[in-house]
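[1] Pasting the sequence and the predicted model now:
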Amino acid sequence: MTIYKIADELINKAMKKANEINVPMVLAVVDEGGNLIQYRRMEGSLLVSVDVAQGKAYTALALNMPTGEVAKIIGPGGPIYGMEATNHGKIVAFGGGFPIYHEGKLIGGFGVSGGSVEEDVMCASYALENTEGVDK
């Protein structure tokens with residue numbers, strides 16, 4: 001299964017959950033090089049979420065961890081304090097971004113933005129748990 005097929009399914013599953021909770025979202029998938037390969041902005045979603053979703057996808061890939069965990073390491077006293085000031089401002093340190101693994105290999109990042117952090121995480125997690133080809 002390719003990252004493109006996985007990206008399509010992730011976006012569709014996350015949109016399904018976003019529609020269920022009635023929160024318009026922006027969804028983004030980057031490949032293993034950090035390149036945006038799939039993107040969807042639901043009608044009525046916040047404009048700021050366009051950059052945030054892409055940043056979450058990039059951050060999850062670049063640091064190989066969920067973005068909800070990033071704040072612990074880039075905040076004051078963290079081992080990589082100040083990291084958010086690098087990478088042209090693409091580092092996002094709040095939940096809603098996840099690395100994508102297929103057959104044990106990191107193949108991309110997935111970012112969801114538009115609701116509260118909890119809603120973003122809920123939609124992204126639902127998509128990851130219900131997408132064929134994604135390691136659970």
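    That came through fine.
[2] Give me the residue at the spatial middle of the chain.
    What sits nearest the mean C-alpha location of the chain, by Cα atoms, centre = their mean, is G111, with 1.7 Å.
[3] The helix or strand containing that one pairs with which strands, and in what direction?
    With elements taken from DSSP states H and E, the one containing G111 is strand 105-113. Partner strands and pairing direction for strand 105-113 (DSSP bridges) are strand 26-31 (antiparallel), strand 97-102 (antiparallel).
[4] how about the lowest-mean-pLDDT helix or strand in the chain: buried residues?
    Evaluated with mean pLDDT, DSSP states H and E, the helix-and-strand set of the chain has its lowest mean pLDDT in helix 67-74, which scores a mean of 92. Within helix 67-74, the residues that qualify as buried are 67-68, 70, 74, counting by 16 or more other Cβ atoms under 10 Å. From N, CA and C alone the C-beta is placed, and that goes for glycine too.
[5] Let's have these in a markdown table, adding distance to M25.
    Shown next, in a markdown table, are the buried residues of helix 67-74 (distance: Cβ to Cβ, whole Å):
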| residue | distance to M25 |
| --- | --- |
| T67 | 15 |
| G68 | 16 |
| V70 | 20 |
| I74 | 24 |
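[6] What is the three-state secondary structure of the residue found closest to K13 once you drop the neighbours it is linked to in the chain?
    In space, not counting the residues next to it along the chain, K13 is nearest to A127; the distance is 3.8 Å by Cβ to Cβ, 6 or more residues apart in numbering. Under the three-state scheme (DSSP: H, G, I helix; E, B strand; the rest coil), A127 adopts helix.
[7] Could you tell me which residues make contact with A127?
    9-11, 13-14, 17, 110, 112 (Cβ atoms under 8 Å, 6 or more residues apart in numbering).
[8] mind checking pLDDT for it?
    pLDDT, the model's per-residue confidence, is 98 for A127.
[9] Make TSV from the contacts of A127 and add neighbour count and distance to M25 to it.
    Written out in TSV, the entries for the contacts of A127 read as follows (neighbours: other Cβ atoms under 10 Å; distance: Cβ to Cβ, whole Å):
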residue	neighbour count	distance to M25
E9	18	16
L10	28	12
I11	21	10
K13	20	12
A14	31	7
K17	19	9
F110	30	12
V112	34	6
